[in-house]
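A.B. asks: just a sequence and a predicted model for now, questions to come.
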Amino acid sequence: MQGGADPEVQGKRMAFEEAEAALRAWMERSLDPVVVHRAGRVVFANQAVAGLLGYGSAAELLGVSVIDLTHPDDRERVRARIQRMLTHQEPAPLVEERFLRRDGTAVPVDVLALPIVFEGKLSILVSGHDARERKWLEAEKQRLFEEQARLGAEAQRHAAELQAILDHQLAGLIVFDRTGRVTMTNLATAKLFGSQASELGATLEEMFAKVRPYRPNGQPYALDELPSARAFRGEQTEGDNLTVADAQGNDHYLSVSASPIRDEEGNVTSVVSVMRDVTEMVEFDRLKDQFLRVVAHELKTPVAIMKGYAQLLLRSPEEAASRRMLEKIDRGADRIDRIVRDMLDLSQLHLGNVTIEHEKVELDAVVDRIAQEMARSFERHQLKLSARPVVVEGDGDRLGKVVGALIDNAVRYSPQGGRIEVTCGPRRDEAVVSVKDEGVGIPADKQARVFERFFRAHTDTPNDYGGMGVGLYLAREIVRRHGGEMWFESREGIGSVFSFSLPLGGER
């Protein structure tokens, strides 16, 4: 055939040479150890296998017997596998073999071998990977699996312990995730709402639909007004009062607090809501108020009879000694009457049944009238009254009781007498009334509680002059319901000044 070699043959040869060049380049750059042996001798090795076996360069391995590189205990198995590959020209399965390093130590290698044509001759390519890395990875995987199992068991144990602790709490607890679903609850919650309403996975909306909470005054809550819903908006709530019905239809009064839990970026990821059942306390308060009303009404009738007969006898001509006794009876009846009225006012105030009339009130006239009336019973005190014209809007009768309570307090706690100064007049945009005494004053450590119900700063001291401890409480509450404020200044042994302010109500 003229014109040179057959183009087809020449093309195949060039393709083969290009393929072999590509194979050689891959083997040289491979990070995994690669060896090609033929007739039992190494004809190619890359730097990775040289490093694995402790040789300085791959060239040192050329011509070395591949069997000599194998651990003596593995050599017969390697010879048999090589023979099968050459006979059947099929790759061998992945196996672990031990190769000898230059220093005589053995290294395990995961080996994949297959027959190839290299440099025009049948050869065997062996590619491997250090089996120590695989074994380390397997051991690490097993260790991590065991550690995960241990941590899972420990977490489960801690969760069981936490649940046991929560189930023994008297307060109910609910944890909501960021989607509003219940992720944790306790036995007290289940007793309050029923197991279905508070089961894990239930949403806040589903709980709301089943429980339907309402306020103590009977007004229903809206969903977005609930403490938990407000906590999802980032609010911290404390002691909100609401009422729910249990599975049997019995009302429970709850004090509910809710807190948002945030991630590092400040986003709300969950909400914790804690509920205390205060039903017994509420019922006790109701029973107490009922008791006060009953006692007050029962006292009212005999006091009225006693006072009526005393006043009738006072109008009759009697000896001076008899009159003094009757006057004491009359004053005693007045004192009991004030106690009864205070008890009734306290009960009505606590129940929210106090009605404040709104009309123009000449406050200076009210102060003048009350002060003059009370001054008639003063025996050791001198009244100094200074009242400038001032008008407020409110309930004249109830404001009169406030003035009377402050004057009575001043007289009671200045038993040695002295001057009682009563002032009334405008100050900027408000009306101010003050009552000053020269009495025993209030100890500094007791002043913070002066306006509490039933608190008396001088109980069980030489300065204990009786009373129920509700006069100042009632007076301040009436002032507050008029939109005003009450305060005081006091120094023990020097005296006290009690004042209150009210918004101005226009001209006379």
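C.D. replies: Structure's in. What do you need?

A.B. asks: and residue 102, how many neighbours?
C.D. replies: Each residue near residue 102 was counted by other Cβ atoms under 10 Å, and the total is 13. Just so you know, the C-beta spots here come from the backbone N, C-alpha and C atoms, and that holds for glycine as well.

A.B. asks: doesn't it belong to a strand?
C.D. replies: No. Read with DSSP: H, G, I helix; E, B strand; the rest coil, residue 102 is coil and lies in no strand.

A.B. asks: what sits closest to it if chain neighbours are left out?
C.D. replies: Leaving aside its sequence neighbours, residue 102 sits nearest to residue 54 (Cβ to Cβ, 6 or more residues apart in numbering; 3.9 Å).

A.B. asks: thought the one you found was touching residue 101?
C.D. replies: Yes. With contact defined as Cβ atoms under 8 Å, residue 54 counts as touching residue 101 (4.3 Å).

A.B. asks: pLDDT weak spots in the stretch 351-500 of the chain?
C.D. replies: 351-353, 458-461, 463-468 (pLDDT under 70).

A.B. asks: give the buried residues for stretch 431-447.
C.D. replies: By neighbour count with 16 or more other Cβ atoms under 10 Å, stretch 431-447 contains the buried residues 431-442, 447.

A.B. asks: now do that stretch: distance from first to last residue.
C.D. replies: The straight-line separation of the ends of stretch 431-447 (Cα to Cα, to the nearest Å) is 24 Å.

A.B. asks: check stretch 220-236 too.
C.D. replies: One end of stretch 220-236 to the other measures 21 Å (Cα to Cα).

A.B. asks: where exactly do the helices run in this structure?
C.D. replies: Using DSSP state H, the helices of the chain run over 7-29, 47-53, 75-88, 131-167, 187-193, 204-211, 227-232, 279-314, 320-350, 363-375, 396-412, 471-481.

A.B. asks: name the helices or strands packed onto the fifth one?
C.D. replies: The one in question is helix 187-193. Applying 3 or more Cβ pairs under 8 Å, 6 or more residues apart in numbering; DSSP states H and E, one finds that helix 187-193 contacts helix 131-167, strand 172-177, helix 204-211, strand 268-277.

A.B. asks: could I get those as JSON lines with mean neighbour count and distance to residue 342?
C.D. replies: Output for these, formatted as JSON lines (neighbours: other Cβ atoms under 10 Å; distance: least, Cβ to Cβ, whole Å):
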{"stretch": "helix 131-167", "mean neighbour count": "11", "distance to residue 342": "45"}
{"stretch": "strand 172-177", "mean neighbour count": "20", "distance to residue 342": "38"}
{"stretch": "helix 204-211", "mean neighbour count": "17", "distance to residue 342": "40"}
{"stretch": "strand 268-277", "mean neighbour count": "19", "distance to residue 342": "31"}
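
A.B. asks: need the ones you listed in a markdown table with distance to residue 340 and mean pLDDT, can you?
C.D. replies: Below are the helices and strands packed on helix 187-193 laid out as a markdown table (distance: least, Cβ to Cβ, whole Å; pLDDT from 0 to 100):
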| stretch | distance to residue 340 | mean pLDDT |
| --- | --- | --- |
| helix 131-167 | 49 | 78 |
| strand 172-177 | 41 | 84 |
| helix 204-211 | 42 | 78 |
| strand 268-277 | 35 | 85 |
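
A.B. asks: using JSON lines, lay out the ones you listed together with distance to residue 418.
C.D. replies: Supplementary listing: the helices and strands packed on helix 187-193 in JSON lines, determined by distance: least, Cβ to Cβ, whole Å:
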{"stretch": "helix 131-167", "distance to residue 418": "61"}
{"stretch": "strand 172-177", "distance to residue 418": "56"}
{"stretch": "helix 204-211", "distance to residue 418": "60"}
{"stretch": "strand 268-277", "distance to residue 418": "49"}
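
A.B. asks: out of these, which is closest to residue 22?
C.D. replies: Across these, residue 22 has its closest neighbour in helix 131-167 (27.3 Å, Cβ to Cβ).

A.B. asks: coming back round to it: so which of the helices of the chain comes closest to residue 241?
C.D. replies: Nearest of the helices of the chain to residue 241, taken as Cβ to Cβ: helix 279-314 at 8.8 Å.

A.B. asks: quick one: mean pLDDT for that closest one?
C.D. replies: The pLDDT scores in helix 279-314 average 68.

A.B. asks: same check, this time on stretch 54-68
C.D. replies: 93.

A.B. asks: mind listing what's buried in it?
C.D. replies: The neighbour-count check on stretch 54-68 (16+ other Cβ under 10 Å) flags 55, 58, 61, 64, 66-67 as buried.

A.B. asks: over to stretch 498-507?
C.D. replies: 498-502, 504-505.

A.B. asks: show me the contacts for the residue lying closest to residue 171 once chain neighbours are set aside.
C.D. replies: Leaving aside its sequence neighbours, residue 171 sits nearest to residue 276 (Cβ to Cβ, 6+ apart; 4.9 Å). Counting by Cβ atoms under 8 Å, 6 or more residues apart in numbering, residue 276 makes contact with 170-172, 254-256.

A.B. asks: could you list the domains of this protein?
C.D. replies: 7-135, 169-277, 283-350, 359-503 (automatic domain parsing).

A.B. asks: out of the ones you listed, nearest to residue 153?
C.D. replies: Taking Cβ to Cβ, domain 169-277 is the member of the domains of the chain nearest to residue 153, at 19.4 Å.

A.B. asks: hmm, back to that, export the helices of the chain to CSV and append columns for distance to residue 107.
C.D. replies: Putting those into CSV (distance: least, Cβ to Cβ, whole Å) gives the following:
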stretch, distance to residue 107
helix 7-29, 20
helix 47-53, 6
helix 75-88, 15
helix 131-167, 7
helix 187-193, 61
helix 204-211, 62
helix 227-232, 61
helix 279-314, 77
helix 320-350, 89
helix 363-375, 104
helix 396-412, 99
helix 471-481, 89
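
A.B. asks: nearest to residue 181, of those helices?
C.D. replies: helix 204-211 (8.0 Å).

A.B. asks: and the angle for the closest one with strand 268-277?
C.D. replies: Angle between the axes of helix 204-211 and strand 268-277 is 20 degrees (criterion: axes from the mean of the first three to the mean of the last three Cα atoms, to 10 degrees).

A.B. asks: from the chain's centroid, how far away is helix 204-211?
C.D. replies: Once both centres are worked out by Cα atoms, centre = their mean, to the nearest Å, helix 204-211 turns out to sit 20 Å from its chain's centre.

A.B. asks: show me what that helix is packed against.
C.D. replies: Helix 204-211 packs on helix 187-193, going by 3+ Cβ pairs under 8 Å, 6+ apart.

A.B. asks: buried residues in the helix it packs on, which are they?
C.D. replies: Neighbour counts over helix 187-193 (16+ other Cβ under 10 Å) mark 187-190, 192-193 as buried.

A.B. asks: what do you get for stretch 227-234?
C.D. replies: For stretch 227-234, a neighbour-count test (16+ other Cβ under 10 Å) marks 227-232 as buried.

A.B. asks: which residues sit against it?
C.D. replies: Outside of stretch 227-234, the residues within contact range by Cβ under 8 Å, 6+ apart are 174, 176, 180, 204, 223-224, 237, 240, 256-260, 268, 271-273.
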